[in-house]
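Chemist: structure for the following, please:
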Amino acid sequence: MTPRNEPDWLNKKYADEDGKFRRPQSAFRSFVSPDAGAEFPAEAGRYLLYRAIIVRKLKSLEDIVELVEVAGKTDGKGWTFDTPGPEKDPLYGFKYLRELYEKAAPDHEYKYISVPVLWDKNTEREIEDMNDWVYNTINNGVYKSGFAATQQAYEENHLANPAHQPYLFGANITEADIRLFTTMIRFDVAYYSIFKCNLKMIRHDYPRIHTWLRTLYWDESERTHGAFKDTTRFDAYKLGYSFALGAKIVPVGPVPNVVPL
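Modeler: As a prediction, this is how the structure comes out:
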């Protein structure tokens, strides 16, 4: 593996002057709606999805919403169109996802480029409907503070309530489950070692979260169509985050990546 220069994560490109990482709020907060007269109506073939594939599979939208996968963050410019996805953005020939953001709002200063992105081909705008609770306290937690143990304790207490089982809010999978899963499935295999969030592991220290995580991952029934397992890329997580931090060695463990039920 070729050594890289000092990574962006270490040089204040993403951190504020005090050295803390503060992910900015999204500039795009619209959503697709079936309602008459909606700004972004539900239409087959109109939207292009970058990166987020769990919901697409859960909702059986493979033939409705086109998917474009993006690769790891390189060259200090964020997500790229490269292996395992296309070499260029299929719509505009862009090399970096950043260029799509800049096309949507060229006057906005983008300090941090994130996925997923849902793109409307007709209006050439980005659509994003954030789940603030999970986003601010969970998805962004590993970047802000190495996933504070107090937040983990809160989640464990939440899942102890029978009304919040087997999923976060009861018997049905919600957007909160999907957003939390994408962070939790990365925690033991990437965040624990690469981000040095190594005080505790999900599999050893948080049994309720661990059970919830495995329940989603190993479910291949008609409820999920195997969406959680089939869209998980352990090797890509380890490689991508290692590159982002300039690591010369990619972690092999833990073994197994996910403990069987």
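
Chemist: pLDDT below threshold where in the stretch 101-250 of the chain?
Modeler: Scanning the stretch 101-250 of the chain for pLDDT under 70 picks out 111-112, 127-157.

Chemist: helices along that one, start to end?
Modeler: Along the stretch 101-250 of the chain, the segments classed as helices by DSSP state H, counting those that start in this stretch run 132-134, 141-145, 149-160, 175-186, 192-194, 202-205, 207-218, 227-230, 234-244.

Chemist: would you reformat those helices as CSV and include distance to Ala105?
Modeler: The way it works is simple: take the backbone N, C-alpha and C, and place the C-beta from them, glycine included. Shown next, in CSV, are these (distance: least, Cβ to Cβ, whole Å):
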stretch, distance to Ala105
helix 132-134, 21
helix 141-145, 23
helix 149-160, 31
helix 175-186, 23
helix 192-194, 31
helix 202-205, 37
helix 207-218, 34
helix 227-230, 31
helix 234-244, 25
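
Chemist: right, and the ones you listed - which one's nearest Leu100?
Modeler: helix 234-244 (18.8 Å; Cβ to Cβ).

Chemist: from the contact counts, what lies against the closest one?
Modeler: strand 71-73, helix 192-194 (3 or more Cβ pairs under 8 Å, 6 or more residues apart in numbering; DSSP states H and E).

Chemist: can you pull the buried residues of that helix?
Modeler: Tyr237, Lys238, Leu239, Gly240, Tyr241, Ser242, Phe243, Ala244 (16 or more other Cβ atoms under 10 Å).

Chemist: for Asp230, give me its contacts.
Modeler: Going by Cβ atoms under 8 Å, 6 or more residues apart in numbering, Asp230 touches Lys57.

Chemist: how close does it get to Ala190?
Modeler: Going from Asp230 to Ala190 by Cβ to Cβ, to the nearest Å gives 19 Å.

Chemist: before we move on, what about Glu109?
Modeler: For Glu109, the distance to Ala190 - Cβ to Cβ - is 29 Å.

Chemist: give me the more crowded residue out of those two.
Modeler: Ala190 (22 against 8; other Cβ atoms under 10 Å).

Chemist: which ones are touching the more buried one?
Modeler: Tyr237, Lys238, Tyr241, Pro251.

Chemist: next, count neighbours for the last one.
Modeler: The local packing count at Pro251 equals 16, with neighbours defined by other Cβ under 10 Å.

Chemist: in which helix or strand does it reside?
Modeler: According to DSSP states H and E, Pro251 maps onto no helix or strand at all.

Chemist: wait, doesn't it sit right on Ser242?
Modeler: Yes: if you go by Cβ atoms under 8 Å, Pro251 and Ser242 touch, sitting 7.3 Å apart.

Chemist: ok, Met184 to Tyr206 distance?
Modeler: 9 Å.

Chemist: and Pro106, by the same measure?
Modeler: 43 Å.

Chemist: which one of those two has more residues nearby?
Modeler: More crowded of Pro106 and Tyr206, by other Cβ under 10 Å: Tyr206, with 21 against 7.

Chemist: how far away is the more buried one from Ala160?
Modeler: 11 Å.

Chemist: circling back: joint contacts of Pro251 and Ser242?
Modeler: In terms of Cβ under 8 Å, 6+ apart, Pro251 and Ser242 are both contacted by the residues Ile194.

Chemist: can you give me the end-to-end span of stretch 195-207?
Modeler: 22 Å (Cα to Cα, to the nearest Å).

Chemist: next, the buried residues of that stretch.
Modeler: Phe195, Cys197, Met201, Ile202, Arg203, Tyr206.

Chemist: once you drop chain neighbours, what's closest to Trp212?
Modeler: Leu159 (5.9 Å; Cβ to Cβ, 6 or more residues apart in numbering).
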